[in-house]
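**Q** sequence? don't have it. structure:
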């Protein structure tokens with residue numbers, strides 16, 4: 001028999017029991033997530049920041065910057081000089097007197113046929129070469145300064161074994177200013193010794209030669225990127241000045257040299273132009289010649305050859321004052 005206290009508690013116990021039996025039990029998971037999934041689950045309230053993958057791997061090595069090292073601004077006094085005829089005084093008569101087709105020494109600062117004088121192709125009286133320290137300078141004076149739009153080119157040829165056959169050639173268009181530049185500057189060598197054909201400096205018409213066939217310096221590209229430069233002389237814009245390192249020619253202490261001015265691009269494969277034309281085809285600037293006026297071989301002035309480091313015998317092909 002229930003006591004009065006239990007009778008009073010039963011309704012409350014019954015309500016607790018019914019409430020518990022009507023609530024939904026917690027669901028048992030079908031499986032347990034692996035630990036890796038726990039680690040990567042992002043809470044709904046957390047903002048996930050995605051970092052894009054780099055498109056390239058950054059380099060930790062600094063890139064070397066080429067800083068040109070031009071020659072000194074002031075050229076040293078000359079060690080070797082030679083003279084060349086200046087045609088200015090004869091320009092009104094459309095002629096010259098110092099041209100020697102036979103010896104590959106040309107005095108033709110005129111256009112073809114109509115013989116119009118071109119002063120910036122007329123090499124002046126005193127051409128100089130100066131050597132000091134590691135640099136050699138060659139200065140080519142002209143009767144007039146080349147205009148900015150000129151197609152003219154200028155060249156220095158070196159004969160290091162003094163046989164009258166050029167071994168090295170530096171050539172460049174007229175530089176724009178007195179600042180040293182390498183724009184357009186080329187240095188070539190004759191790798192197979194065929195410059196000038198069988199008889200260098202003298203006509204060998206019809207021979208198959210490739211002349212200066214190996215380019216070793218191209219506007220700053222070469223084994224030594226600072227090996228050669230060109231500018232206008234700071235004291236005279238009508239002087240074209242080349243500079244090259246003595247090491248470029250293996251510090252040769254004796255050689256023959258000459259210079260060239262051309263109204264058009266110089267062809268290194270056929271520098272000795274008396275091998276390319278007959279005298280009849282080339283024409284002549286000598287008013288007394290039966291081949292006057294100038295025809296195919298026009299707008300060119302080239303000096304004779306002179307020596308550096310030794311006294312010439314006078315029999316070297318193309319030497320100044322040598323055998324006609």
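**A** Yes, it's here. No experiment lies behind these values; they were computed from the predicted model shown. Numbers count the residues shown, from 1 in each chain.
**Q** center of this structure - which residue?
**A** Compute the mean C-alpha point of the chain, and by Cα atoms, centre = their mean the closest residue is residue 219, 0.8 Å away.
**Q** my read: it touches residue 181, true?
**A** No - because the distance of 9.1 Å does not satisfy Cβ atoms under 8 Å, residue 219 is recorded as not touching residue 181. No exception for glycine: its C-beta is placed from N, CA and C like everyone else's.
**Q** quick one: average pLDDT of the helix or strand hosting residue 169?
**A** Residue 169 is part of strand 168-173 when elements are defined by DSSP states H and E. Averaged over strand 168-173, pLDDT sits at 98.
**Q** show me what it is packed up against.
**A** Packed against strand 168-173 by the contact rule (3 or more Cβ pairs under 8 Å, 6 or more residues apart in numbering; DSSP states H and E) you find strand 153-159, strand 186-189, strand 228-233, strand 236-245.
**Q** just the residues contacting whichever strand or helix holds residue 301, thanks.
**A** When elements are defined using DSSP H and E, residue 301 is found to belong to strand 300-302. Contacts of strand 300-302 with the rest of the structure, by Cβ atoms under 8 Å, 6 or more residues apart in numbering, involve 84, 87, 104-109, 121-123, 258-263, 273.
**Q** mind listing what it pairs with, with the direction of each?
**A** Paired neighbours of strand 300-302 in the sheet (DSSP bridges): strand 107-108 (antiparallel), strand 255-262 (antiparallel).
**Q** quick one: name whatever helix or strand follows the shortest one.
**A** Next helix or strand after strand 107-108 toward the C-terminus (DSSP H and E): strand 126-132.
**Q** in that next one, what's buried?
**A** For strand 126-132, burial by neighbour count (16 or more other Cβ atoms under 10 Å) applies to 127, 128, 129, 130, 131.
**Q** and stretch 72-82, by the same measure?
**A** Judged by neighbour count (16+ other Cβ under 10 Å), stretch 72-82 contains these buried residues: 75, 80, 82.
**Q** I'd like the next helix or strand past the helix or strand bottoming out on mean pLDDT in the chain.
**A** Least confident helix or strand of the chain, by mean pLDDT, DSSP states H and E, is helix 35-40 with a mean of 40. Toward the C-terminal end, the helix or strand that comes next after helix 35-40 (DSSP H and E) is strand 80-83.
**Q** point out where this protein drops to low pLDDT.
**A** Counting by pLDDT under 70, the chain shows low-confidence ranges at 1-63, 323-324.
**Q** swap the cut-off to 80 and go again
**A** Scanning the chain with the threshold set as pLDDT under 80 gives 1-64, 205-208, 322-324.
**Q** got the end-to-end distance for stretch 185-205?
**A** Terminal residues of stretch 185-205 are spaced 29 Å apart (Cα to Cα, to the nearest Å).
**Q** could you pull out the buried residues of it?
**A** Within stretch 185-205, the residues scored as buried using 16+ other Cβ under 10 Å are 185-190, 194-197, 200-204.
**Q** looking at it, residue 135 is touching residue 243, isn't it?
**A** Yes - proximity of residue 135 to residue 243 meets the contact threshold set by Cβ under 8 Å, at 5.6 Å.
**Q** which neighbours do the two share?
**A** Between them, residue 135 and residue 243 share these contacting residues under Cβ under 8 Å, 6+ apart: residue 71.
**Q** who has more neighbours out of those two?
**A** residue 243 (21 against 18; other Cβ atoms under 10 Å).
**Q** hey, what's that one bridged with?
**A** In this structure, residue 243 bridges to residue 137, residue 229 when assessed by DSSP bridges.
**Q** any idea how far it is from residue 222?
**A** 15 Å (Cβ to Cβ, to the nearest Å).
**Q** so what's the backbone phi/psi at residue 275?
**A** phi -90, psi -10 (degrees, to the nearest 10).
**Q** so what's it up against?
**A** By Cβ under 8 Å, 6+ apart, the contact set of residue 275 is 196, 197, 203, 204, 205, 207, 209.
**Q** which of those sits closest to residue 308?
**A** When those are ranked by distance to residue 308 (Cβ to Cβ), residue 196 comes first, at 19.6 Å.
**Q** how close does the closest one sit to residue 229?
**A** Between residue 196 and residue 229 the distance, using Cβ to Cβ, works out to 27 Å.
**Q** then residue 175?
**A** Counting by Cβ to Cβ, the gap from residue 175 to residue 229 is 9 Å.
**Q** shared neighbours of the two, which are they?
**A** Residues touching both residue 175 and residue 229 by Cβ under 8 Å, 6+ apart: residue 181.
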